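S.K.: give me coordinates for this.
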Amino acid sequence: MTMLDQMRKHKSWLKWSLGLVVVAFIALVPGIGMSPVGPEGLPSDVIARVGEYEISLLDFQRVYRSQLNNYRLQSDGEVSEEVLRSLGIDRQILQQMIDEYAALTEAQRLGLTVGDAEVRERIVTLPEFQIDGQFMGGVAFDELLQSQRPPINPEQFDEEIRQQILLERLQTAVTGWMIISDEQVVEEHRRRNEKVKVNVVSFDAIDFRDDVEVTDEDIELLYGEEAVNYEVSEKRQLRFLLVDQGTIFDGINLTDDDLRQYYDTNLSQYQTPGQIRARHILLRVNEDEGDTEESVAARAAELTEEARSGQDFAELARLYSDDEGTAENGGDLGLFGRGRMVPEFEAVAFTLNAGDISDPVKSSFGYHVINVTENQEEMTQSFETVRETIENVLRQQQAASRASDLSRAISAEVTTPEDLEQAAMSRGYELQESGFAALGEPILGLGLAQQVSSQAFQIEPGEVTGPIPTPAGPAFITVIAKQDPYIPPIDEVRAEVREDVIRKKSLTLAQERAVEAVVELREAENFVEVAEAAEFTVGSSELVTRGAALPQVGINVAVETVAFSMEPGAVSNVIESGNSAIVVHLVERESASDEELDTNRDAIRSDLLFSRKNQFFGSYMENIKEKIDIDIDFEVLEQALNPA
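M.R.: Sure thing, here's the model as predicted:
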């Protein structure tokens, strides 16, 4: 690894690994064993409790901000927090933290521990902290932790490494017994690499709709046989109090001083950091070859003078630099901003103008001579340019904060529907009533509010629950009426039943035509010619492996399974798939190569083992999470995301 690679990798590895230790095998289903709680359920600064572990507001904010910065870096700042929030990144991060603590809880239950010596051994052997095969040393290591944004203290880093080892130990305890046999490797190699070439003819039901006739008798017959399919689910009607965040937002007035203060405090958000492009010559101190600090420093000083006297810096770098990765390119490091290089290097480089050559700079890598070749100045958006954006951000934050405070106050007062009505009246609100809605359906007055819908079907009339997050703000609900599930009379669903009759008859016609086609095509000497003469649309593939899209049908497991079970020249029976009837002709089969098996045997075994361990561990942890008390306070989560 080159010096530049090391400098940059130290940074990026820390950014992606710290703040959240992700279990390698975990792939859990969100929500298992979890229950949202009201503000009385957890301390006011705790977002979630997982067994004995608590996820505090500050812990979540630290991880959340760290991950946001990572995504922004990866996208060169093109992905905003709003976009990430719309993708549910906040809930995903919380879920990852809950998953981690669930695994730690299970490790604790099993009596697994990690000693201090193991933590230290892991740190000093991590490749990210190695220079020329040796640990970079305490001073350089501490400086690297402090250079992170935000800085990381060594105790925090040690604890996260300890947890990482503990989670690995748990995975080993749960899945260490698993093995992959030679037969499984051979079968997987065949499955991955075997190829087929096919012709496909698809008879789609939609193409036969015009040939279908539907009678009243058909409709009544289908309704009689499948009336249960037309059942109307249970529906519930709600009375609710919505703390409308939009209304609060509209009523917030901010002064220029408020906006200016936010701008000044968060100026970095509106700055495009300055960057420089530089070349460097690195001289390492190699004691095995008799180097001393003094001799290397003196040689660096000589090269500095040679470069300043007019000799070509790039050529000097090619001749003398010990940085294998950049020497061939004349020491060119490319464009970089602050925080990308070690502190000593960066502190000097950003003081130089284009064309300047530094005095020798000592870092943990050796001695550098730096030549800045380009300066890109820091750009700051003016206050007036971002004024409207800031105003919206502040109003959103204040609206969320006020809505949260108000909902907490209401929650403390409300137990019964009468309490809810009194709480609303005392604050100038009116309770609203929804229409009847089934589970998961939009709710009149609240829209598509899945958490409200879910809670509505978990409480009985006369009970009150809330605050529940909705797109418009926190809501308190009570059920005022229930509509039991029922099968409607035929006249209410006649159009729906008629459409189902058409669909079924169309598919039957498609299947019948496909059966006739199989007879014709099996007798054909040339499948494609006969199919096209019959005005069938034929799709022909190249040699493809499993998982590839097939002509006419795309990625289709049913068709693929049949195709890979056939012999060349064969025509399949009719394959029913969705609203289509499909016929496949196998043109050619290519077996998996024995030579490739020999080459890839270990990799296949490793992939299979990882996959099966992953699957097993995931299922194991799903079961464990069902036994762990997991509580979430979504109000505190909103507070973490929208601090006042």
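S.K.: so Thr537 touches Ser202, yeah?
M.R.: Yes. Under the criterion of C-beta atoms under 8 Å, Thr537 is in contact with Ser202, at a separation of 7.4 Å. C-beta here means a position set from N, CA and C on the backbone, and glycine is covered the same way.
S.K.: need the overlap of contacts for these two.
M.R.: The contact sets of Thr537 and Ser202 overlap at Gln552 (C-beta atoms under 8 Å, 6 or more residues apart in numbering).
S.K.: okay, and for the stretch 151-300 of the chain, where does confidence drop off?
M.R.: 151 (pLDDT under 70).
S.K.: now do the helices in it.
M.R.: 154-175, 182-193, 216-226, 245-250, 256-265, 293-308 (DSSP state H, counting those that start in this stretch).
S.K.: give me the helices and strands touching the longest one, please.
M.R.: Secondary structure elements in contact with helix 154-175, counted by 3 or more C-beta pairs under 8 Å, 6 or more residues apart in numbering; DSSP states H and E, are helix 89-109, helix 116-125, helix 138-146, helix 594-627.
S.K.: return the most buried member of those.
M.R.: helix 89-109 (a mean of 20; mean count of other C-beta atoms under 10 Å).
S.K.: now do that helix against helix 594-627, angle only.
M.R.: Put simply, helix 89-109 runs at 80 degrees to helix 594-627, going by axes from the mean of the first three to the mean of the last three C-alpha atoms, to 10 degrees.
S.K.: for Thr537 and Ser202, indicate the residue with more neighbours.
M.R.: Taking other C-beta atoms under 10 Å, Thr537 and Ser202 do not tie; Ser202 has more neighbours (24 against 14).
S.K.: who does whichever strand or helix holds Ala423 touch, helix- and strand-wise?
M.R.: In the assignment (DSSP states H and E), Ala423 maps to helix 417-426. Under the contact criterion of 3+ C-beta pairs under 8 Å, 6+ apart, helix 417-426 touches strand 235-242, helix 383-413, strand 464-468, strand 475-483.
S.K.: measure stretch 428-445 end to end?
M.R.: End-to-end span of stretch 428-445 (C-alpha to C-alpha, to the nearest Å): 18 Å.
S.K.: can you list the helices and strands packed on helix 417-426 in JSON lines and add distance to Leu319?
M.R.: Below are these laid out as JSON lines (distance: least, C-beta to C-beta, whole Å):
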{"stretch": "strand 235-242", "distance to Leu319": "73"}
{"stretch": "helix 383-413", "distance to Leu319": "48"}
{"stretch": "strand 464-468", "distance to Leu319": "70"}
{"stretch": "strand 475-483", "distance to Leu319": "72"}
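S.K.: out of the helices of the stretch 151-300 of the chain, which gets nearest to Ile206?
M.R.: helix 216-226 (18.7 Å; C-beta to C-beta).
S.K.: residues in contact with that closest one?
M.R.: Taking C-beta under 8 Å, 6+ apart as the rule, helix 216-226 contacts Tyr230, Ile490, Val493, Arg494, Val497, Arg498, Asp500, Val501, Lys504, Lys505.
S.K.: stretch 486-503 too?
M.R.: With C-beta under 8 Å, 6+ apart as the test, stretch 486-503 has contacts from 205, 209, 212, 214, 218-220, 222-223, 226-232, 579.
S.K.: pull up the distance across stretch 477-497, start to finish.
M.R.: End-to-end distance of stretch 477-497 (C-alpha to C-alpha): 36 Å.
S.K.: now Val538: phi and psi?
M.R.: Phi and psi for Val538, reported as degrees, to the nearest 10, are phi -110, psi 130.
S.K.: count of neighbours near it?
M.R.: Burial of Val538 is recorded as 20 neighbouring residues (other C-beta under 10 Å).
S.K.: what about it, distance to Ala524?
M.R.: The gap separating Val538 from Ala524 is 12 Å, by C-beta to C-beta, to the nearest Å.
S.K.: then Ser233?
M.R.: Here the criterion is C-beta to C-beta. By it, Ser233 lies 51 Å from Ala524.
S.K.: try Asp204
M.R.: 22 Å.
S.K.: for the closest residue in space to Ser202 that isn't next to it in sequence, the count of nearby residues, please.
M.R.: Leaving out its chain neighbours, the residue that sits closest to Ser202 by C-beta to C-beta, 6 or more residues apart in numbering is Gln552, at 4.2 Å. Other residues near Gln552 come to 22 when the count uses other C-beta under 10 Å.
S.K.: for Gln552, list the residues it contacts.
M.R.: Val200, Val201, Ser202, Thr537, Gly539, Ile582.
S.K.: can you rerun that using 6 Å?
M.R.: Val200, Ser202, Gly539 (C-beta atoms under 6 Å, 6 or more residues apart in numbering).
S.K.: save the helices and strands packed on helix 417-426 as JSON lines, and put in mean neighbour count and distance to Phe610 too.
M.R.: Formatted as JSON lines, these follow (neighbours: other C-beta atoms under 10 Å; distance: least, C-beta to C-beta, whole Å):
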{"stretch": "strand 235-242", "mean neighbour count": "22", "distance to Phe610": "46"}
{"stretch": "helix 383-413", "mean neighbour count": "17", "distance to Phe610": "42"}
{"stretch": "strand 464-468", "mean neighbour count": "23", "distance to Phe610": "40"}
{"stretch": "strand 475-483", "mean neighbour count": "20", "distance to Phe610": "44"}
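S.K.: which stretch among those comes nearest Glu560?
M.R.: strand 235-242 (41.6 Å).
S.K.: partner strands of the closest one, with direction?
M.R.: Neighbouring strands of strand 235-242 in its sheet, by DSSP bridges, are strand 432-433 (antiparallel), strand 437-438 (antiparallel), strand 475-483 (antiparallel).
S.K.: run through who's touching the first one.
M.R.: If I follow you right, that is strand 432-433. If you take C-beta under 6 Å, 6+ apart as the criterion, strand 432-433 is touched by Arg239, Phe240, Gly445.
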